[in-house]
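> following is a predicted model, sequence given first.
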Amino acid sequence: MKKIFFILIFLSILFFAKSQIVIQQSDLAQATDTFLIYVDMNPDITIDLIGGENLTWDFSGLTKDYDNFACYAPKQELEFAEEFPLSQFYTYGPGFIYAGPGGGAPLDNWGYMLFYTDNQGLFAEGFYSDYGMGYKSTYNTPPELLMFTPANYLDNKINNSYWEVVVNENSSDYDTIYRRNIDKQLEADAWGNLTSDFGNFEVLRIHETGTSVDSIFGYVGNTTFFKTEVANEIINKYYFWAKHWRNPIITLYCDENNNILRIDYLMGSLFSNITENSFKNLNIYPNPSESSICVKNAKDFIEIYSIDGKLILKHKIINDFETINLTNLSKGIYIIKDASNKQEKLILK
């Protein structure tokens, strides 16, 4: 009887070990990874969000309201790279797109969000503003934890971080500091099988909860004259991570009552060291674009021509993966090519 008891325990442990996944550092974003993410802003879906083991979730049939490209380019190409000593890669764009496993950017500025991964997880070190605040660096203190590793069922991590933006730096009058405090917890509260329009995955679910508080301080020198809280938001998100995919398969944005407000779902990926990709031979993305493009494996340089053949922009290729800022170009149709004369039509909208 005792022997049978121990055999049953062993089989239970074996089943658990085979069924449950553990997210490691290698399962997180890396430099030159690119992800195509669809966004459903009004999800008409009913999902039980209770935690537990060996669960199933069906997210097939979501509506695409718009799509995002998350392009993680190597940090080395940036002129201000030394200002972010921990970071390895970045994304570029408007501040409001950096949500979920992208961190929170200061205000609604355009710029560069700087990231790194290590054996403890994925972090956002800070933000370099391109437009809006002027050209300056803002740091998360300490770096904001976006995903911890190794992540096993029922593991959890607490992260308290803040950043500050000095709006006016004139010693002769009032200065203003805009500060955001983020206090949150990440908990691996469920695991199981997930179905989406992208495929079927064994996933570990991470529940992120906490608060984000925005405050404004007015001061002269070392004297603070006023402090006011301008925003207080509840953080309630669910991330479904799968092995090897390096981005959540599904991200749920919920209100404080666990009503699902928005769903981001992975629909394509191009990895730095894995041949598997969903963009086939697409080397320029997004296309159409509003502000910037990501170019992969171009030769020597990129040239952008107007539809009547005039050279508009030339960009030297330094890395296998480049991000090119197009905010100075007008809306319209262009031709983009590299030194090997590979060409592609580019649409700016």
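That came through, no problem.
> now do the contacts for the nearest residue in space to residue 66 that is not next to it in sequence.
Nearest residue to residue 66, sequence neighbours excluded (Cβ to Cβ, 6 or more residues apart in numbering): residue 39, at 5.5 Å. Backbone N, C-alpha and C define where each C-beta goes, glycine included. Counting by Cβ atoms under 8 Å, 6 or more residues apart in numbering, residue 39 makes contact with 64-68, 262-265.
> residue 39: which element?
Residue 39 belongs to strand 34-40 when assigned by DSSP states H and E.
> tell me which residues in the very next helix or strand once past that strand are buried?
Helices and strands here follow DSSP H and E; after strand 34-40, the next one along the chain is strand 52-58. Within strand 52-58, the residues that count as buried by 16 or more other Cβ atoms under 10 Å are residue 57.
> and the closest residue to residue 206 other than its chain neighbours, bridged to which residues?
Closest residue in space to residue 206, ignoring its immediate chain neighbours: residue 239 at 4.4 Å, by Cβ to Cβ, 6+ apart. Per DSSP bridges, the residues bridged to residue 239 are residue 206, residue 251.
> neighbours of residue 239, just the number please.
For residue 239, the neighbour count with other Cβ atoms under 10 Å is 25.
> then residue 143?
23.
> hang on, the earlier thing: how much space is there between the residue nearest to residue 206 and residue 313?
Distance of residue 239 to residue 313, computed by Cβ to Cβ, to the nearest Å: 37 Å.
> now residue 25
Residue 25 is 37 Å from residue 313, by Cβ to Cβ.
> check residue 149 too.
Applying Cβ to Cβ to residue 149 and residue 313 gives a distance of 40 Å.
> next one: residue 242
Taking Cβ to Cβ, one finds residue 242 at 38 Å from residue 313.
> when the two are compared, which one has more neighbours?
With neighbours defined as other Cβ under 10 Å, residue 242 and residue 313 compare such that residue 242 has more, 21 against 16.
> ok, the more buried one touching residue 203?
Yes - look at residue 242 against residue 203 with Cβ atoms under 8 Å: they come within range, at 5.0 Å.
> and for the two, which residues touch both?
Common neighbours of residue 242 and residue 203 (Cβ under 8 Å, 6+ apart) are 21, 194, 249.
> contact partners for the second one?
Contact criterion Cβ under 8 Å, 6+ apart gives 56-59, 200-203, 240, 242, 249-250 as the residues in contact with residue 194.
> noted, bye for now.
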